[in-house]
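**Q** quick check, what structure comes out for this input:
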Amino acid sequence: MTSPAPADDLTGFSTPGSGRGILDVFRYGYLLRLLIRKGTQTRYHGSILGWTWSYVKPAAQFAIFYVVMGVFLNLNRGIENFPVYLFSGIIVVNLFNEAFGNATRSIVNNKALVKKIYLPRELFPVADVFIAFVHFLPQLVILLAVLFFVGWAPTLVQLAGALLAIVIVLTFALGLGLLFGALNVSFRDAQNLVEIILLFATWTSPVLYPFTLVREKLPPWLFDLYMANPLTVAVELFHSAFWFPTTSGAMERPEHLWLLAAVGVVIVASLVVVGQFVFRKLEGRFAQDL
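**A** Numbers count the residues shown, from 1 in each chain. Reported below is the predicted structural model:
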C-alpha cells in the first residue's frame, strides 16, 4: 500500500490565476478560435453592406491617396506602376494599424470576462491581431486580382519575403498591443497615444513616397534608423514581392533588404518579450482597475 500524500503536497495542482503568459494561449485554442469567430462575425453586424466594407474602405483610401500623392504631387510620374506601389504599401499599414489599435483596446473591451473568470489575458490581444489578419485578406485579394492583369511574375524568394512581412507586422502589432493594452487598463491616455502613433504610421513608412526620397533628405545615421523600422521593412518586402515584378526592373530597391528583415525580426521579437513582461507585471490589477 502507498501512504497518503501529505496535506501540504500540491503536486499536480496549479496556483489559481497563474500561468505561462502568452504560451498559455496555445492551450486555449478553442477559446481563441471562439474569440476570433466572434470578432469577425460581429464586425459588420447590422450593416447592409456587411463584408463589402472590407473592400470599399481600402478602395476609398487608395483613391484619396492616389489623387493627392499621385495626381496633385505628381509622384506617379517618378514611380513606375504607382497604383500598385501605393496599394501594396497601404494594405500593410492598414494591417498594422488595425492589429495594433484593436490589441490596445482588447482588455478594456473584454472587461466583463476579465472581471468574472480567469483565463490567459493574452488571449484578447492575440485574438484581435488574428482578427485584423482576417480583415486584411480581402485587401490582399484586391491586390492579387489587379496584379494578374499587369503581368505579375514574382519569384519564390519574393513571395517568401511577403509572408515574412506579414509575420513581422503581426508580431510588431502584438508586442506593442501587449505593452499598450496593459497600460491602457490603468492609464487610458495610452489609447490616445496609440492613436497618434497610428496617425504617423502611414507617413513614416515608404507607402506614399519612395524610400529614395527619405535617403536624400536625412543624414545617413537617421536614414539607417528609418530603414530599421519593422514597418518600413515590411512595406519594402511587399513592394519587392508585389510591385517590383510588375516594373521594368529599373526602379531602385533598398540594399541588403534581407539583412534589414533579419534586424526587423530581432526588433519585433524583443518587443514581444518586453510587452509580455509589462503585461505580466500589470495584469494582477486588471480586474481591480476595470
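**Q** where does the stretch 1-150 of the chain have low pLDDT?
**A** Low-confidence segments of the stretch 1-150 of the chain, defined by pLDDT under 70: 1-20, 43-54.
**Q** ok, 90 please
**A** For the stretch 1-150 of the chain, the stretches flagged by pLDDT under 90 are 1-84, 106-122, 135, 138-139, 141-143, 145-150.
**Q** can you pull out the helices in the chain?
**A** Under the criterion DSSP state H, the chain contains helices at 29-42, 53-65, 82-109, 111-116, 123-147, 156-186, 189-201, 211-217, 220-228, 230-238, 257-282, 286-289.
**Q** out of those helices, which is the most enclosed?
**A** helix 230-238 (a mean of 27; mean count of other C-beta atoms under 10 Å). The C-beta positions use only the backbone N, C-alpha and C, and glycine is treated the same way.
**Q** quick one, it and helix 257-282 angle?
**A** Angle, helix 230-238 to helix 257-282, by axes from the mean of the first three to the mean of the last three C-alpha atoms, to 10 degrees: 140 degrees.
**Q** low pLDDT regions in the stretch 151-290 of the chain?
**A** For the stretch 151-290 of the chain (pLDDT under 90), the answer is 151-153, 184-204, 208-210, 218, 246-253, 255-256, 280-290.
**Q** sorry, back to before: quick one: the helices of the chain as JSON lines, columns for distance to residue 245 too.
**A** Formatted as JSON lines, these follow (distance: least, C-beta to C-beta, whole Å):
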{"stretch": "helix 29-42", "distance to residue 245": "31"}
{"stretch": "helix 53-65", "distance to residue 245": "20"}
{"stretch": "helix 82-109", "distance to residue 245": "10"}
{"stretch": "helix 111-116", "distance to residue 245": "45"}
{"stretch": "helix 123-147", "distance to residue 245": "8"}
{"stretch": "helix 156-186", "distance to residue 245": "7"}
{"stretch": "helix 189-201", "distance to residue 245": "26"}
{"stretch": "helix 211-217", "distance to residue 245": "18"}
{"stretch": "helix 220-228", "distance to residue 245": "22"}
{"stretch": "helix 230-238", "distance to residue 245": "12"}
{"stretch": "helix 257-282", "distance to residue 245": "14"}
{"stretch": "helix 286-289", "distance to residue 245": "47"}
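**Q** what number of residues lie near the nearest residue to residue 159 once chain neighbours are set aside?
**A** Leaving aside its sequence neighbours, residue 159 sits nearest to residue 241 (C-beta to C-beta, 6 or more residues apart in numbering; 5.8 Å). When neighbours are defined as other C-beta atoms under 10 Å, residue 241 has 23 of them.
**Q** confirm for me that residue 241 is in contact with residue 162.
**A** Yes: in terms of C-beta atoms under 8 Å, residue 241 counts as a neighbour of residue 162; the distance is 3.8 Å.
**Q** coming back round to it: closest one to residue 23 among the helices of the chain?
**A** Closest approach to residue 23 among those is made by helix 257-282 (9.4 Å; C-beta to C-beta).
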